[in-house]
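*Asks:* Just the structure for this:
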Amino acid sequence: MPVPTPVPTTEADWVDVVRALGRPGRLIRGTYHHTPFPRHDLHVVSRGVVVSPGLALGSHVSFARYDDGGTLLMGDLVVTADELPALTDALHAHGIAQTAIHKHLPAQTPDVWWTHVCAHGHDAAALARGLRTALDSTGTPPPHPYRPHPPCPLDLDTAGIDAALGAKGTSSEDVYACVFVRRETIMEEGHVLPAGLGATSAFNFQPLGGGRAALSGDLSMVAAEVQEAHAALRRGGIDLVELHNHGLTDEPRLFFTHIWAEGDAVALARAVRPAVAATNVVPATA
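*Replies:* As a prediction, the model looks like this:
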């Protein structure tokens, strides 16, 4: 049988999903629809740093359409320790699998967990409604009202970060992010994943003042790359938070290491570059 592959979509294809989720998203590379659920309600402190939603508190979910008529749901949800049991039960009740339960940050207050989710179906809106019900069991807030305003420059040498990492990053209201995607075709549960979905290395820089930043990142690796990448990170003084998987049946098998560091933002980017170079990735495109 042919392997299901993702097909191009437009924003119009996702109207029912947007309605079910109760907030807008955006189409990425004309293939999958991505919706963020930032946890603005949480006040999380890690190693003395007040963690912004963009640094490490951004629940998100993506939907991709396939040539067999099916839809893939894949995401990563941020919940407190108290919220996790009810979220887990709601996900299971709606046929949404948990494929990882793990940490992104070193010691944090309050205790926070991240859980990866995945589901397949032929009714995208039904998948979205199930996810929305699960999120409604948590304190995930409604979307902020949209108020157009010019972007505020971040207190970071973003050009220096770009040069150090060899990638063009993007700014949001609270962080600067550089993202890389695996070069290989990645399969999950017998489906080809859209480029970048579930297989990225991402590095978020939150300004701390004076050009310094807190770095929270996630490095995507195959097994043969893990030790070299870890050694490179430690040589650069980057802390390893957790080594884990995001999926259950991905091919090739991918491993992800969450990292943390604080310091001069450009120096941190230089420290990360050798680990990125040890993996088979390229800078992501918009």
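
*Asks:* What helix or strand is Ile259 located in?
*Replies:* Assigned by DSSP states H and E, Ile259 falls within strand 254-264.

*Asks:* Grab the CA positions of that strand and hand them over as CSV.
*Replies:* This file holds the C-alpha atoms of strand 254-264, laid out as CSV (Å, rounded to 0.1, in the frame of the first residue of the first chain):
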residue,chain,number,x,y,z
LEU,A,254,14.6,10.6,17.0
PHE,A,255,15.9,11.7,20.4
PHE,A,256,15.5,15.2,21.8
THR,A,257,17.5,16.9,24.5
HIS,A,258,16.2,20.0,26.3
ILE,A,259,18.9,22.4,27.3
TRP,A,260,19.3,25.4,29.5
ALA,A,261,21.9,28.2,30.0
GLU,A,262,22.2,31.8,31.0
GLY,A,263,24.7,34.3,29.8
ASP,A,264,25.7,36.6,26.9
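
*Asks:* Next, count neighbours for Asp67.
*Replies:* Neighbours of Asp67 under the rule other Cβ atoms under 10 Å: 12. To be clear about C-beta, it is placed using only N, CA and C from the backbone, and glycine gets the same treatment.

*Asks:* Buried ones in stretch 4-13, by neighbour count?
*Replies:* Residues of stretch 4-13 classed as buried by neighbour count (16 or more other Cβ atoms under 10 Å): Pro4, Pro6, Thr9, Asp13.

*Asks:* With respect to Thr279, which of those residues is nearest?
*Replies:* Pro6 (23.1 Å; Cβ to Cβ).

*Asks:* confidence score at that closest one?
*Replies:* Looking at Pro6, its pLDDT reads 96.

*Asks:* Surely it is in contact with Arg65?
*Replies:* Yes. At 6.7 Å, Pro6 counts as touching Arg65 under the criterion of Cβ atoms under 8 Å.

*Asks:* tell me the secondary structure for the nearest residue to Arg234 once chain neighbours are set aside?
*Replies:* Leaving out its chain neighbours, the residue that sits closest to Arg234 by Cβ to Cβ, 6 or more residues apart in numbering is Leu240, at 7.2 Å. With DSSP: H, G, I helix; E, B strand; the rest coil as the basis, Leu240 sits in strand.
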